[in-house]
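Below: sequence and its predicted model.
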Amino acid sequence: MLLVLAQSGDGTPPSWADEFQAYSAFHAVAVAVCIVLIVLACSIGRAWRGSDRERTLRLAIGWSIFAFQAFATVWRVLPEQWDIGQSLPLHMCRVISWIAAISLITGDWRARSLTYFWGIGLSTQGFITPMWSNGYASLDFWMYWLGHGQIVLAAAYDLSVRGYSPKRKDWAFACLAGLAYGLVVIGVNIALGTNYSYLGAGEYEAKSVVDVLGPWPWRLLSMIGGAGAVFTLLYLAAIVGRRWRRRIARWRGRTGSLETA
C-alpha cells in the first residue's frame, strides 16, 4: 500500500484525532490493528476448537456484533445525526453485519454463505478505500472501523475455526441474494436521490474503485458483473482449498501407514 504524508494548509501533518486520510500512516495503523485483533480472535478460537470455551467465544463475538449494530443503527437515526443519504441501514456493510452475527450464533448456511462471499468479497473494500475522513476523536471513526472489522472477523472465524467451505449452492445463493439486494437498493436510491452502497447516481468525497467504472447508470453493469466475478473467484478458491486439504490428508495417511509398518 502506498503511504503518503498528508499535510494541512500550514504544512503540518493533520492530527489523527481530528482527521483520517486514506493511504496515510494512520490508515496503515488502523488496518494493522484490525488484522492483529482478527488473527488473535481466530487463533484463540482454533486453540479452543471443539470445546465449550470456543462456543462461548463465538457466541460472544456474534452477540457483540448485534449489540454494536443496534447501537449504531439507533445513533444514526437520532435527529442530531440524521442524514437521508447515510442514516438508513442500507449500505451493504451494515446489512452484512447483522447477517455475520446470525452466522456465528446460529450457523445458518445462508448466513454463512453471505458472510463469506459478501463479507470477504465486498466489505473488505472498506479497508482499502475508507469512506470517512473523521479522526479517532469522532464516534464515526470507531463505528466505521469496528463495523468493518467485525464483518471480516466473522468471515475469517468461520473459515479458520469452524472450517467453512462454500458449496455450489452457497455461491448461487450469494449471487442471487446480491442481485436482489442490488435491485432493491438501486430502486431506493432512485426514489430518494441517495447513493447507498455506491449504487446511486451520486459520488462520495472519498475515492473508491467505483470511480473508475464510468458514469451512472452504466457503471451498475460493471459493479454487478464485478461482484459476480469476485464471488466466482472466491468459490474457485474454496474448491482449490478443498482439493489441497484432501491431498494433504492422503499424504499424511500414507506417511502414517509407513511409520507404523
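Nice, thanks for sending it over.

which residues touch stretch 143-150?
Contacts to stretch 143-150, defined as Cβ atoms under 8 Å, 6 or more residues apart in numbering, come from residues 30, 34, 37-38, 61, 64-65, 68-69, 72, 75, 93-94, 97, 100, 123-124, 126-127, 130-132, 134. All C-beta spots, glycine's among them, are computed from the backbone N, C-alpha and C.

6 Å instead?
Stretch 143-150 is contacted from outside by 30, 34, 65, 72, 97, 126, 132, using Cβ atoms under 6 Å, 6 or more residues apart in numbering.

cool, and stretch 80-98?
Identification of contacts with stretch 80-98 by Cβ under 6 Å, 6+ apart yields 69, 73, 76-77, 118-119, 123, 126, 147, 151, 185, 194, 196-197.

go again using 7 Å as the cut-off
65, 69, 73, 75-77, 114-115, 118-119, 122-123, 126, 147-148, 150-151, 181, 185, 188, 192, 194-197 (Cβ atoms under 7 Å, 6 or more residues apart in numbering).

buried sites along it?
By neighbour count with 16 or more other Cβ atoms under 10 Å, stretch 80-98 contains the buried residues 86, 88, 90-98.

from the residues you listed, which is closest to Val209?
Each of the buried residues of stretch 80-98 was checked against Val209 using Cβ to Cβ; the closest is Met92, at 13.7 Å.

just the contacts of stretch 143-150 now: which is nearest Asp158?
Distances from Asp158 to the contacts of stretch 143-150, taken by Cβ to Cβ, are shortest for Ile65, at 12.7 Å.

Is the closest residue to the closest one other than its chain neighbours in a helix, a strand, or coil?
Excluding the flanking residues, the one nearest Ile65 by Cβ to Cβ, 6 or more residues apart in numbering is Ala101, at 3.9 Å. Going by DSSP: H, G, I helix; E, B strand; the rest coil, the secondary structure assigned to Ala101 is helix.

Count the residues that sit near Ala101.
A total of 24 residues lie near Ala101 under the criterion other Cβ atoms under 10 Å.
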